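>>> Need coordinates for the below:
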Amino acid sequence: MNDAAVSMARAAPVRDGIEKFKNYIDGEWVAGRTGAYFDDVNPADTSDIVGQFPASSAADAEVAVRAAAAACASWKKTPITVRARILNGAASYLETHVDRFAEELTREQGKALNLSKDEILRSAQTLRFYAVEGQSFAGETFPNDDADMVVYTQREPLGVVSVITPWNFPVSIAARKIAPALIAGNTVVFKPSSDAPLSGYRLTEAFVAAGIPKGVLNFVTGRAADVGPAITVPPVVRAISFTGSTSAGEQIHRSVGFTTRTQMELGGKNPLIVMEDADLDKAVDLTIKGGLSLSGQACTGTSRVLVMQQVKAAFTDKFVARVKALKIGSGLVAGNDIGPLATARQLETVLRYIEIGKREATLLCGGERLSGPAYGRGYYVSPAIFTDVTQDMRIAREEIFGPVIALIEVTSYADAIAKANDTEYGLSAAIATRNPRYIHDFANDIESGTVKINRTTTGNLINAPFGGLKRSSTSAFRESGRAGLEFYTQIKTVYRGC
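From the prediction side, this is the model:
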């Protein structure tokens, strides 16, 4: 997950006939101070420029932070029902415009239109969830021996929160960060990925339409190197919620002081274990949905399939046949199974790893840059399936973030668990089995923040905690669900006498 789209920002001409969007700072839609723009490009057809966005500077970001800081006191005192009404209003705005926003999301990110529509509606559902849940997220009262004293805790907002989001789920990830921050009484500076800024713009627009006060939510686009430090390093920024690459998250985490909270949801190398008793057709389905349905561009996507020796040949035959039958093409065309990669940089990374895989293991199918009338202007790669993969290979250890699946043979449940856990990541893991013993043990043995049994590694409920272990997350705080509110509040303990 990167900001590669802005690397040529200052060279991107202002194009006639293409809509130019603005930042939203201190209650106003404003142009960037640099006067430069970058193109938001359709990865399915790079001749289609979805829009142009400000290549903002640190000065723009600093104004946004000051606006958020100035709005803190009044937003903290705003009645919780008013905050909830704004979240519900934003949700209604997304629902009203879901068809248009979904088409825009597909144009700028590449995913299938039905998945884009689901994401918009899921984001609205997230806003509504926190509008309700935030109103019951309170402190506790503690018994004590002094009849003239009451001891209780109260939760308070932190203050200014910076939210930095990726391009693969540009609305839903932003919504699950911004909604709990706002309902808890924090103000927000929101920087979307430069590879999918329009979806973040529409989410901000939804809050504006719902009547959010000036300074409470600020939206700034631009290159991470230019904007990032200005919204993460200042001491007035009390918390940073980031989803992206492990290297970028670790850099942000190291750059801030110990009084600034960080919530980092980072990379993964997620395994699916296929046991000898598994329903192989279902296991194949889980692999395709978990590893390929978003062109492999999900942090929880399946990238390693650990298959028991007894069923590996049968599983592989079924899997390869299904993969070869998948339809590749624009997400705007119904019936296509796999869309383009989201960016030129991601295309380059995936093709490089495929070449590495060819030297390390055996390529069973795919791995080609697609060309021709339907593909020539897009970032299309056919899914690459590798076998004879061992633990020391790079394609087994490094996050690729594309349609590349490594098949790894295992000889026992213990062998499968050992290999599944032999990674620096611990985001999501799944097992396909009908054995109650495997099911019970897997939930305890696997080193992963999300555990799936006969389900895809991808996907999580909005009302359940989400986050990883090891280098997949800072682990101290979880996103989503009621637990997602904890990151955005601090606790005071009050001893009140008569």
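>>> Name all residues that make contact with the closest residue to Ser382 other than its chain neighbours.
Spatially, and ignoring its direct neighbours in sequence, Ser382 is nearest to Gly366 (4.0 Å; CB to CB, 6 or more residues apart in numbering). (Each C-beta comes from the backbone N, C-alpha and C, glycine too.) Gly366 makes contact with Val323, Val381, Ser382, Pro383, Ala384, Ile385, Pro403 under the criterion CB atoms under 8 Å, 6 or more residues apart in numbering.
>>> Can you check the pLDDT for Gly366?
At Gly366, the pLDDT value in this model is 97.
>>> how close does it get to Arg394?
Per CB to CB, to the nearest Å, Gly366 is found 18 Å from Arg394.
>>> now Glu119
Taking CB to CB, one finds Glu119 at 31 Å from Arg394.
>>> Also Asp146?
Applying CB to CB to Asp146 and Arg394 gives a distance of 63 Å.
>>> any idea how the chain splits into domains?
4-266+473-497, 270-462 (automatic domain parsing).
>>> Out of the contacts of Gly366, which sit inside strands?
Within these, residues falling in strands by DSSP state E are Ala384, Ile385.
>>> could the contacts of Gly366 go into a markdown table alongside pLDDT and neighbour count?
Listed next are the contacts of Gly366 as a markdown table, based on pLDDT from 0 to 100; neighbours: other CB atoms under 10 Å:
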| residue | pLDDT | neighbour count |
| --- | --- | --- |
| Val323 | 98 | 24 |
| Val381 | 98 | 26 |
| Ser382 | 98 | 19 |
| Pro383 | 98 | 24 |
| Ala384 | 98 | 26 |
| Ile385 | 98 | 26 |
| Pro403 | 98 | 29 |
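>>> Now flag whichever of the contacts of Gly366 is closest to Ser172.
Pro403 (20.9 Å; CB to CB).
>>> thought the closest one was touching Val350?
Yes: Pro403 lies in contact with Val350 (CB atoms under 8 Å); the separation is 7.3 Å.
>>> Next, show the common contact partners of the two.
Joint contacts of Pro403 and Val350 (CB under 8 Å, 6+ apart) are Gly296, Val381.
>>> which of the residues in stretch 348-368 are buried?
349-351, 353-354, 356-357, 360-361, 363-364, 366-367 (16 or more other CB atoms under 10 Å).
>>> Shouldn't Arg455 be within a helix?
No: looking at Arg455 with DSSP: H, G, I helix; E, B strand; the rest coil, it is coil, so not inside a helix.
>>> Tally up the residues packed near Cys72, please.
The number of residues packed near Cys72 is 20, by other CB atoms under 10 Å.
>>> helix/strand/coil for it?
On the basis of three-state DSSP, Cys72 is classed as helix.
>>> and it, what is it in contact with?
Pro157, Gly159, Val160, Asn186, Thr187.
>>> cutoff 10 Å now
Pro157, Leu158, Gly159, Val160, Gly185, Asn186, Thr187, Gly215, Val216, Val236, Arg238 (CB atoms under 10 Å, 6 or more residues apart in numbering).
>>> on that earlier part again, might you specify the subset of the buried residues of stretch 348-368 located within strands?
Leu363, Leu364.
>>> In TSV: the buried residues of stretch 348-368, plus distance to Lys419.
Below are these laid out as TSV (distance: CB to CB, whole Å):
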residue	distance to Lys419
Thr349	24
Val350	23
Leu351	26
Tyr353	19
Ile354	22
Ile356	19
Gly357	17
Glu360	16
Ala361	15
Leu363	21
Leu364	20
Gly366	23
Gly367	23
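>>> Return the closest of the buried residues of stretch 348-368 with respect to Phe207.
Thr349 (33.6 Å).
>>> Tell me the spacing between the closest one and Leu341.
Counting by CB to CB - Thr349 and Leu341 are separated by 9 Å.
>>> what's the distance between the strand or helix carrying Ala230 and the middle of its chain?
Taking DSSP states H and E as the criterion, Ala230 maps to helix 224-232. Its chain's average C-alpha position is 19 Å from that of helix 224-232, according to CA atoms, centre = their mean, to the nearest Å.
>>> Please apply the same query to stretch 261-271.
Put simply, stretch 261-271 sits 9 Å off its chain's centre (CA atoms, centre = their mean).
>>> circling back to that earlier point, please identify which of Glu119 and Arg394 sits among more neighbours.
Using other CB under 10 Å as the criterion, Glu119 and Arg394 rank with Glu119 on top: 25 against 14.
>>> is it true that the more buried one touches Lys111?
Yes: applying CB atoms under 10 Å as the test, Glu119 and Lys111 come out as touching, 7.9 Å apart.
>>> shared neighbours, the two?
Ala102, Leu105, Phe169.
>>> where's the second one, which helix or strand?
Spelled out, that is Leu105. Counting by DSSP H and E, Leu105 is found in helix 98-109.
>>> which strands and helices sit next to that helix?
Applying 3 or more CB pairs under 10 Å, 6 or more residues apart in numbering; DSSP states H and E, one finds that helix 98-109 contacts strand 37-41, strand 49-54, helix 80-96, helix 113-133, helix 197-209.
>>> right, and the helix or strand after the fourth one?
Following the chain from helix 113-133 toward its C-terminal end, the next helix or strand by DSSP H and E is strand 141-142.
>>> elements contacting whichever helix or strand comes after that next one?
Using DSSP H and E, the next helix or strand after strand 141-142 towards the C-terminus is strand 149-157. If you count contacts as 3+ CB pairs under 10 Å, 6+ apart, strand 149-157 packs onto helix 58-77, strand 141-142, helix 172-183, strand 489-497.
>>> chain center to strand 149-157, what's the gap?
For strand 149-157, the distance to the chain centre is 34 Å (CA atoms, centre = their mean).
>>> by how many degrees do it and helix 172-183 diverge?
140 degrees (axes from the mean of the first three to the mean of the last three CA atoms, to 10 degrees).
>>> Which strands border strand 149-157, and is each parallel or antiparallel?
Using DSSP bridges, the strands paired with strand 149-157 are strand 141-142 (antiparallel), strand 489-497 (antiparallel).
>>> tell me the mean pLDDT for the shortest one?
Yep, that's strand 141-142 we're talking about. On average, strand 141-142 scores 96.
>>> Pull up the gap between Tyr495 and Gly200, please.
44 Å.
>>> Looking at those two, which has the bigger crowd around it?
Between Tyr495 and Gly200, counting by other CB under 10 Å, Gly200 is the more crowded of the two (27 against 11).
>>> Quick check: chain neighbours aside, which residue is closest to that one?
Nearest one to Gly200, counting by CB to CB, 6+ apart, is Pro192 at 3.0 Å.
>>> which residues touch Asn88?
Neighbours of Asn88 in contact, by CB under 10 Å, 6+ apart: Ala124, Leu127, Arg128, Tyr130, Ala131, Val132, Ala210.
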